[in-house]
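> what shape does this take:
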Amino acid sequence: MRIPVYMRTFIASAKNPQTKWHVIDANGQVLGRVATIAARLLQGKHKAIYTPFIDTGDHVVIVNAATVRLTGQKETQKIYRRHSGYEGGLREERAVDLRKRQPVRLVEEAVRGMLPKTKMGDAMYRKLKVYAGADHPHAAQQPSRIEVA
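So this is what the prediction gives:
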């Protein structure tokens, strides 16, 4: 009688994750395309060792967030909402006004919406660094450049 030999399924270890750093230049790029690439890198879906219940993602730095592009009429029609937690505490702001006040939040909210709504999603979000200008303080990590198609 022959004993069957099964291949074992590889599961990544959370103890020593092999993380890299990536830089995405959002200058003139469409917001959704930048956000999907960033979310994919943060989740680790680009790696062969991707495991859904273990954070295998990398760190992502997005520069030139102030010059990201919104398509169609989103610049004037898209509304960003937040609530203070108090009665009547709903605050609404159009994308054009938010870009003037806090351009980084446009990119942060787009990426945040594409990540899991769990504790692990919060951990992934903490590995995202967004800067309005072209400079960032993460040169020591030797990040690789990611092109947006």
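> from here on, just use CA atoms for contacts and neighbour counts.
Fine.
> need the per-residue pLDDT for the closest residue to residue 13 other than its chain neighbours.
In space, and not counting its chain neighbours, residue 13 is closest to residue 54: 7.6 Å by C-alpha to C-alpha, 6 or more residues apart in numbering. In this model, residue 54 is scored at 91, pLDDT.
> average model confidence for the longest helix anywhere in the chain?
Using DSSP state H, we find that the single longest helix of the chain is helix 31-43. For helix 31-43, mean pLDDT is 98.
> which residues are in contact with that helix?
24, 26, 46, 55-60, 68-70, 107, 110-112, 114-115, 124-125, 127-128, 148-149 (C-alpha atoms under 8 Å, 6 or more residues apart in numbering).
> hmm, which of those are the buried ones?
Taking 16 or more other C-alpha atoms under 10 Å as the criterion, what is buried in the contacts of helix 31-43 is 24, 26, 55-60, 68-70, 107, 110-112, 114-115, 124-125, 128.
> now intersect these with the strands, please.
24, 59-60, 128 (DSSP state E).
> thought residue 55 was touching residue 124?
Yes. Using C-alpha atoms under 8 Å, residue 55 is in contact with residue 124, at 7.2 Å.
> report pLDDT for residue 1.
So, for residue 1, pLDDT stands at 69.
> same check on the one 10 residues further on?
Residue-level confidence at residue 11 comes out at 84, pLDDT.
> thought the residue nearest to residue 13 was touching residue 12?
Yes. Here residue 54 reaches residue 12: they are 7.2 Å apart, a contact under C-alpha under 8 Å.
> partner strands of the helix or strand containing residue 81 and their direction?
Per DSSP states H and E, residue 81 falls inside strand 79-83. Sheet pairing of strand 79-83 (DSSP bridges) gives strand 90-94 (antiparallel).
> how distant is the strand it pairs with from the center of its chain?
Distance of strand 90-94 from its chain centroid, counting by C-alpha atoms, centre = their mean, to the nearest Å, is 23 Å.
> in the helix or strand following that strand, what's buried?
The helix or strand immediately downstream of strand 90-94 is helix 95-101, counting by DSSP H and E. When burial is assessed from 16+ other C-alpha under 10 Å, helix 95-101 yields the following buried residues: 95-96, 98-99.
> how far away is the closest residue to residue 79 other than its chain neighbours from residue 82?
Counting by C-alpha to C-alpha, 6+ apart, residue 94 is the residue found nearest to residue 79 once chain neighbours are left out, at 4.5 Å. Look at residue 94 and residue 82: by C-alpha to C-alpha, to the nearest Å, they are 12 Å apart.
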